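Undergrad: Sequence first, then the predicted structure:
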Amino acid sequence: MQTTRLEAFSDGVLAIIITIMVLELKIPAGDRLADLGALAPVLLAYLLSFIYVGIYWNNHHHMLHSVGRIGGAALWANLHLLFWLSLFPFVTAWVGAYPSSALPTAIYGGVLLMAALAWTVLQSILIAEECQDSLLARAVGRDRKGKASLLIYLAAIGLAFRWPLLAQGAYAAVALLWLVPDRRIERVLAAAPD
C-alpha cells in the first residue's frame with residue numbers, strides 16, 4: 001500500500017485531537033486579565049499538548065515520505081500510535097485542572113511515554129519492511145534522541161509523585177528537544193538519488 005492513504009487518515013485523526021483539546025478550553029469566569037490568569041495551568045497544558053501533537057504530525061509526515069510502501073503491520077502500528085495520541089485531550093484536561101497533583105501528572109507522562117514507545121514500534125516496523133539500509137534506517141541511525149526521550153519520560157513519571165511541577169518541566173524539555181523538526185530524514189532524502 002502507498003503511504004498517502006495512511007498519511008491522510010493520520011492527519012485527520014490528529015486534526016480531531018487538536019479540535020477536541022481546544023474545545024475543552026473554557027472561557028474565563030470574568031472579563032479581567034486576572035480571570036484569564038486563573039486559567040493559566042489549563043492553557044499551559046493545552047500549549048504543551050498542542051506542541052506535542054505538532055511534533056508527531058511533522059515527524060510522521062517526514063517518516064512516511066522516507067518509505068515507499070507500507071504493510072499490514074505498519075497499519076496496525078500506526079493505529080497503536082494514534083490510540084495513545086487520542087488520549088492527549090483527556091490527560092491534557094486532567095493535568096490542566098490539577099497541575100500540582102501527582103497522579104494526573106504521572107498519567108500525562110505515561111501517555112507521553114506510551115505514544116513515544118508506539119512511535120518507536122512504528123519506526124522499527126517501517127525499517128524492517130523496507131530493509132536495514134533503507135532511507136529511514138539511515139536517517140534514524142541509533143536514534144539517540146528517541147532513546148533519551150524515553151528515559152526522560154520514565155524519570156519524570158517517577159518525579160511526578162514527589163515533584164509534579166518538575167516532572168511537567170521534564171515533559172516540556174522533551175518537547176523542546178523535538179520542537180525543531182527532525183532533520184535527519186530531510187538530509188537523507190535530499191542526498192538520495194532520484
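TA: It's in.

Undergrad: Flag the shaky bits of this protein, pLDDT-wise.
TA: 131-132, 181-186, 188-194 (pLDDT under 70).

Undergrad: where along it do the helices fall?
TA: Secondary structure of the chain by DSSP state H: the helices cover 3-23, 33-37, 40-65, 72-86, 88-97, 102-130, 135-140, 144-160, 164-179, 183-191.

Undergrad: Tabulate the ones you listed in TSV, adding columns for mean neighbour count.
TA: The way it works is simple: take the backbone N, C-alpha and C, and place the C-beta from them, glycine included. Output for those, formatted as TSV (neighbours: other CB atoms under 10 Å):
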stretch	mean neighbour count
helix 3-23	15
helix 33-37	11
helix 40-65	18
helix 72-86	18
helix 88-97	21
helix 102-130	20
helix 135-140	21
helix 144-160	17
helix 164-179	17
helix 183-191	14
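
Undergrad: wouldn't Ala29 be in contact with Gly37 here?
TA: No: counting by CB atoms under 8 Å, Ala29 does not reach Gly37; the two are 11.1 Å apart.

Undergrad: ok, Ala42 to Leu103 distance?
TA: One thing to correct before we go on: residue 42 is Val, not Ala. Applying CB to CB, to the nearest Å, the value for Val42 to Leu103 is 17 Å.

Undergrad: Likewise for His65?
TA: 39 Å.

Undergrad: One more: Ala97?
TA: With the distance defined as CB to CB, Ala97 ends up 12 Å from Leu103.

Undergrad: repeat for Ser10
TA: Taking CB to CB, one finds Ser10 at 30 Å from Leu103.

Undergrad: what does Gly72 give?
TA: According to CB to CB, Gly72 stands 37 Å off from Leu103.

Undergrad: same deal with Ala155?
TA: 17 Å.

Undergrad: How about Ala73?
TA: 34 Å.

Undergrad: What lies in contact with stretch 166-183?
TA: 48, 51-52, 55, 58-59, 62, 95, 99, 105-106, 108-109, 112, 145, 148-149, 152-153, 155-157, 159-160 (CB atoms under 8 Å, 6 or more residues apart in numbering).

Undergrad: try it again with 6 Å
TA: Leu48, Ile51, Tyr52, Ile55, Asn58, Asn59, Thr105, Ser149, Ile152, Ala156, Leu159, Ala160 (CB atoms under 6 Å, 6 or more residues apart in numbering).

Undergrad: Stretch 79-92 too?
TA: 13, 17, 20-21, 45, 49, 107-108, 111, 114-115, 118-119, 122.

Undergrad: Try it again at 7 Å.
TA: Here stretch 79-92 makes contact (CB atoms under 7 Å, 6 or more residues apart in numbering) with 10, 13-14, 17, 20-21, 24, 45-46, 49, 52-53, 56, 107-108, 111, 114-115, 118-119, 121-122.
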